[in-house]
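S.K.: return atomic coordinates for the entry below.
(chains A and B)
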Amino acid sequence: MEHKIVDHLFRHQYGKMIAVLTNIFGLSHLEVIEDAVQDTFVKATLQWRSERPENPEAWLMKAAKNRAIDLLRKIKAEKNRFEKVTTGSAGIQLNELFLEHEIADNQLRMIFVACHPELSLEEQIAFALKTVSGFSMKEIAAALLLKEETIKKRLIRARKKIREQQIQFSFPAAPAVQSRLSGVLRVIYLIFNEGFHSTKKEQLVDQELCGEALRLCKLLLTREAFRSGSSYALFALLCFHSARLESKTNADKEIVDLEHQDRSRWYFPLVVLGNDAMNRAMEYPDLSTYHYEASIAAEHLKARSFADTNWPAILNLYEQLHTFHPSDSNLLNMAIVQLRMDQARAARALLDAIDVQQLEQRAYLFHGCYADYHLSQGDRERAIASLRKAIELTNNALEEKYLIRKLERL
Amino acid sequence: MRTSIYENQKRSQLKNKDMKDFMMIFIGANYEELGLSPQQLQDRMGKWWAWGNKMEEQGILKGGNALLAQGKRVSGLKRVVSDGPFVESKELVGGYYIVSANSFEEVIEIAQDFPDYDLDGTVEIREVMKFDR
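M.R.: Residues are numbered from 1 along each chain as shown, chains lettered A, B, ... in the order given. Alright, predicted model coming up:
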């Protein structure tokens, strides 16, 4: 008998069950609901020890449903509200709420709640990871390199705002869909970046963040209303980056830069999926930074070797992106590309135009790029000084190790 | 699952008539209180399954269950009923398995794979007394 259950079943089920129960009880009971779902998992873990269900997913949903009915009685006993759900054919209605399509709808509603503009961006991310994606506070803290207490506070603030602003468990009204959707896409993008760029020693969580961002984006795309050029382009971007995820580190968990990555380890099916999404994106009129970023990622994937990289095409895309949405981060990327193209003078001009403060955590890349510039000018001493500055500024261990190795080779 | 336990039971009885039953009692590591994440719970369960499978394959597992923390006590001549919890969670019995083995040493060996030592869990091993029929 095969006893294995699907990877991450519990975590994925968590989000589903929360969403379904929230649809029944309303967002004001979110805390009770989260406790109830947590109870269900503990129960499952104990009960399945001796008797494993044929269909774990169905078992969990049924347990959650029973728990919902328990809660319903309890709440009804406490306060005499909720007549809408408790009277008449509540049982039948309840069954309908557990259909696959309904579950997905509820999860999408929860995503829009998580990314509600009343919540700050950092509250949105914490809330989404907890309530939609089923990570614990501890796991979120580890993924974002923050204290568990910080995450806890953000979640409390988010729940408070949801209560006080009476945020509804519903899809945004038609006129607001596009702006609300772009808020959701941004959170998905940031969750992915947390996983993709933050390379701490414990990488398990990172990959899960990337996977989670892909899953949420895919869920959005299942509904006509949320399909747009931006959402398809973001999905394409996530696919392209994810295709390289495995090759980003070697067996010793050290960073491998683009130049030295084993391109045979790039995961081709994701590239195909990304290409399809990119073609779909082009069928819509809207344009986003994701379009450009995806095109740049695709350009890198197209090159058979690092030497084959079409740098002029990539530079051109960065320039277009910069026109569309100017940022110091674009300037930095353009400078990096120009150094590859032996345009040191132009690169230097770009670097000097950058306000390093604006780069925030990416400031170390600025100094890393400056080191490359000095090297291209044969100025070993200044290159070393810039690398030292980069090492000083990076706050992630793997990146630091990478830079130190680079320094040692100089 | 259930049927396979009973089959194993029969098989193990055939294997060696002199084998004794032992109860492994799991103490502490209360999942209800540890606040484990869904992923951690699933990982734990995977370990319990692997352990259970191993014992089943060896034909030594005769049964077992997990116990929920909530409980009642009836005590004294007046049958006074009281509500739990009665002990601290690190002393709480969370479940048991009954296995057939020849000696305590064998059961200690089996108990090496208990998944929750890292959560401060303990396994207590007691021999089940057989009554003459």
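
S.K.: switch to C-alpha atoms for all contacts and neighbour counts from now on
M.R.: Fine.

S.K.: so is residue A:366 in a helix, a strand, or just coil?
M.R.: Secondary structure, DSSP: H, G, I helix; E, B strand; the rest coil: residue A:366 is helix.

S.K.: low pLDDT regions in chain A?
M.R.: Applying pLDDT under 70 to chain A picks out residues A:1-4, A:72, A:78-98, A:198-205.

S.K.: and the helix or strand hosting residue A:57, what does it pack against?
M.R.: Assessed by DSSP states H and E, residue A:57 sits inside helix A:56-78. If contacts are counted by 3 or more C-alpha pairs under 8 Å, 6 or more residues apart in numbering or on different chains; DSSP states H and E, helix A:56-78 sits against helix A:9-25, helix A:30-47.

S.K.: for chain B, list the residues in contact with chain A, please.
M.R.: Taking C-alpha under 8 Å from any C-alpha of the partner chain, the part of chain B that reaches chain A is made up of B:1-2, B:31-32, B:36-39, B:41-42, B:44-46, B:48-49, B:52, B:63-67.

S.K.: so among these, which ones count as buried?
M.R.: B:31-32, B:36-39, B:41-42, B:44-46, B:48-49, B:52, B:63-67 (16 or more other C-alpha atoms under 10 Å in any protein chain shown).

S.K.: residue A:300: which element?
M.R.: Going by DSSP H and E, residue A:300 is in helix A:289-302.

S.K.: next helix or strand past that helix?
M.R.: Immediately after helix A:289-302, counting by DSSP H and E, sits helix A:311-324.

S.K.: for residue A:273, grab the count of nearby residues.
M.R.: Residues lying near residue A:273 (other C-alpha atoms under 10 Å in any protein chain shown) number 15.

S.K.: most tightly surrounded among the helices and strands packed on helix A:56-78?
M.R.: Greatest average neighbour count among the helices and strands packed on helix A:56-78 goes to helix A:9-25 (a mean of 24), per mean count of other C-alpha atoms under 10 Å in any protein chain shown.

S.K.: any idea how far that one is from the chain center?
M.R.: Centroid displacement of helix A:9-25 relative to its chain, using C-alpha atoms, centre = their mean, to the nearest Å, is 19 Å.

S.K.: could I get that helix in PDB with only the CA atoms?
M.R.: Extracted in PDB, the C-alpha atoms of helix A:9-25 (Å, rounded to 0.1, in the frame of the first residue of the first chain):
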ATOM      1  CA  LEU A   9      -0.700  18.800   1.100                       C
ATOM      2  CA  PHE A  10      -1.300  20.200   4.600                       C
ATOM      3  CA  ARG A  11       0.100  23.600   3.900                       C
ATOM      4  CA  HIS A  12      -2.000  24.000   0.700                       C
ATOM      5  CA  GLN A  13      -5.000  22.600   2.300                       C
ATOM      6  CA  TYR A  14      -4.600  25.100   5.100                       C
ATOM      7  CA  GLY A  15      -5.200  28.000   2.800                       C
ATOM      8  CA  LYS A  16      -8.200  26.300   1.200                       C
ATOM      9  CA  MET A  17      -9.900  25.400   4.500                       C
ATOM     10  CA  ILE A  18      -9.300  28.900   5.900                       C
ATOM     11  CA  ALA A  19     -10.800  30.400   2.700                       C
ATOM     12  CA  VAL A  20     -13.900  28.200   2.700                       C
ATOM     13  CA  LEU A  21     -14.600  28.700   6.400                       C
ATOM     14  CA  THR A  22     -14.100  32.400   6.100                       C
ATOM     15  CA  ASN A  23     -16.700  32.500   3.400                       C
ATOM     16  CA  ILE A  24     -19.100  30.900   5.900                       C
ATOM     17  CA  PHE A  25     -18.300  32.800   9.000                       C
END
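
S.K.: for that helix, packing partners?
M.R.: Other helices and strands packing on helix A:9-25, by 3+ C-alpha pairs under 8 Å, 6+ apart, are helix A:30-47, helix A:56-78, helix A:100-114, helix B:38-57.

S.K.: neighbours around the closest residue to chain B within the stretch 251-400 of chain A, how many?
M.R.: Closest contact between the stretch 251-400 of chain A and chain B, by C-alpha to the nearest C-alpha, is at residue A:253 (22.8 Å). When counting by other C-alpha under 10 Å, one arrives at 14 neighbours for residue A:253.

S.K.: which of the three states applies to residue B:24?
M.R.: The local conformation at residue B:24, judged by three-state DSSP, is strand.

S.K.: okay, and the beta partners of it?
M.R.: Assessed by DSSP bridges, residue B:24 has beta-bridge partners residue B:97, residue B:125.

S.K.: so what's it up against?
M.R.: Counting by C-alpha atoms under 8 Å, 6 or more residues apart in numbering or on different chains, residue B:24 touches B:96-99, B:111, B:123-126.

S.K.: same thing but 6 Å
M.R.: By C-alpha atoms under 6 Å, 6 or more residues apart in numbering or on different chains, residue B:24 lies in contact with B:96-97, B:124-125.

S.K.: state the pair within these that is farthest apart.
M.R.: For the contacts of residue B:24, the maximum inter-member distance is 10.6 Å, found between B:97 and B:124 (C-alpha to C-alpha).

S.K.: who has more neighbours, the two?
M.R.: Neighbours were counted for residue B:97 and for residue B:124 using other C-alpha under 10 Å; residue B:97 has more, 18 against 13.

S.K.: give me the phi and psi angles of the closest residue to residue B:75 other than its chain neighbours.
M.R.: Excluding its sequence neighbours, the residue lying closest to residue B:75 (C-alpha to C-alpha, 6 or more residues apart in numbering or on different chains) is residue B:81, at 6.6 Å. Backbone dihedrals for residue B:81, given as degrees, to the nearest 10, come out at phi -100, psi 130.
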